[in-house]
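Visitor: I'd like to go over a predicted model; first the sequence, then the structure.
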Amino acid sequence: MPELPEVETTRAGIEPHLVDRTITAVTVRENRLRWPVSPELSQMATGQTIVSVERRAKYLLIGLRRGFVMIHLGMSGSLRILAQETAPQRHDHFDMMLDSGVILRYRDPRRFGSIFWLDQLSHRLLDQLGPEPLGEDFDGTTLFKASRGKARNVKTLIMDAGVVVGVGNIYANEALYLAGIRPTQPAGKITIKRYHRLADAIKSVLEKAIAAGGTSLRDFLKEDGKPGYFRHALKVYDRAGEPCLGCHKPLSSVRITGRATVFCKRCQR
DNA sequence: ATCGGGACCTGCTTGC
DNA sequence: TGCAAGCAGGTCCCGA
């Protein structure tokens, strides 16, 4: 479900409910996620005050006076803010109770997500990540340099978290369409000029998606239970066979490393 | 070193 | 109607 805009939407939504609150209890109902939930999490976090709610790539980082709770939503995860205790549903794996009475509840049917306790802001899953796409240290030159000598296709390149983080399947398709670049193009053959267009397209589509509250396709809901509205702005994702919004030819689809890839043969070269 | 594919899960849609 | 196959927003890890 969540790519960077959905994670950022969630972060911004939960932040005001969490900062300056004290954690009164942590409940782990199911610890078998992508990796086991850190066994010390409940003991370390309970009684502590939350000082920040940040995001790095698709990880949420809840900063406490001492240590961090790190959450990844995987494919089907979501966080909700509950004003009061309600009976947990199937797949509600984790609760964090606050002194305000609010509960932060984690749901993840497929259990591809993860929840870790971190003593410090360092983790093997964080330390190898590339730059943030909306940061100043990411631009066309970043992509150009990472692509030299690479035979892999450009879509796989921009979805590689070691190159740039946060670009998942929806926004990779959208950004390549906006930049007029065919997803199957070998990354090593693309000019720096076109990589500048692509980096700009990535920034643009992510910013617009964040402003719209993310993309709700099947089951993504914001922390308040409402959907995001960027779905209506998608130009190619989930539109295979439908007319290109530019030239009206039917959109083509292929699979690239197992992922649905939609593009326009005329508008993307 | 680089790359593609498998693996991890559940739930919904599609097609026979 | 029922059942099985196929597919889904992620990404680590392994073997080639």
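Guide: Happy to help now that I have it.
Visitor: and for the closest residue to A:Ser252 other than its chain neighbours, the neighbour number?
Guide: Spatially, and ignoring its direct neighbours in sequence, A:Ser252 is nearest to A:Lys265 (5.3 Å; CB to CB, 6 or more residues apart in numbering). C-beta here means a position set from N, CA and C on the backbone, and glycine is covered the same way. Close neighbours of A:Lys265, defined as other CB atoms under 10 Å, add up to 13.
Visitor: spell out which parts of the stretch 151-269 of chain A neighbour DNA strand B.
Guide: A:151-153, A:156, A:218, A:257-258 (CB under 7 Å from any atom of the strand).
Visitor: whichever of these end up buried, select them in ChimeraX.
Guide: In ChimeraX, this line selects whichever of these come out buried by 16 or more other CB atoms under 10 Å:
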select /A:153,156
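Visitor: any idea how chain A splits into domains?
Guide: Chain A resolves into domains spanning A:4-127, A:140-263 when parsed by automatic domain parsing.
Visitor: from the chain's centre, how far out does the first one sit?
Guide: How far domain A:4-127 lies from its chain's middle: 15 Å, per CA atoms, centre = their mean, to the nearest Å.
Visitor: how about stretch A:242-260?
Guide: 23 Å.
Visitor: then stretch A:155-172?
Guide: Here the centre of stretch A:155-172 is set off from its chain's centre by 10 Å, with CA atoms, centre = their mean.
Visitor: start to end distance for it?
Guide: 6 Å (CA to CA, to the nearest Å).
Visitor: could you do stretch A:63-73 as well?
Guide: With CA to CA, one end of stretch A:63-73 sits 17 Å from the other.
Visitor: could you see whether DNA strand B lies near it?
Guide: No. Using CB under 7 Å from any atom of the strand, stretch A:63-73 stays clear of DNA strand B, coming no nearer than 11.9 Å.
Visitor: close to DNA strand C, is that stretch?
Guide: Yes. Counting by CB under 7 Å from any atom of the strand, DNA strand C has neighbours in stretch A:63-73: A:His72.
Visitor: do the same with stretch A:190-208
Guide: No. Stretch A:190-208 lies apart from DNA strand C when judged by CB under 7 Å from any atom of the strand; the minimum separation is 11.8 Å.
Visitor: could I get the domains of chain A as CSV with distance to A:Arg269 and mean pLDDT?
Guide: Formatted as CSV, the domains of chain A follow (distance: least, CB to CB, whole Å; pLDDT from 0 to 100):
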stretch, distance to A:Arg269, mean pLDDT
domain A:4-127, 27, 97
domain A:140-263, 6, 95
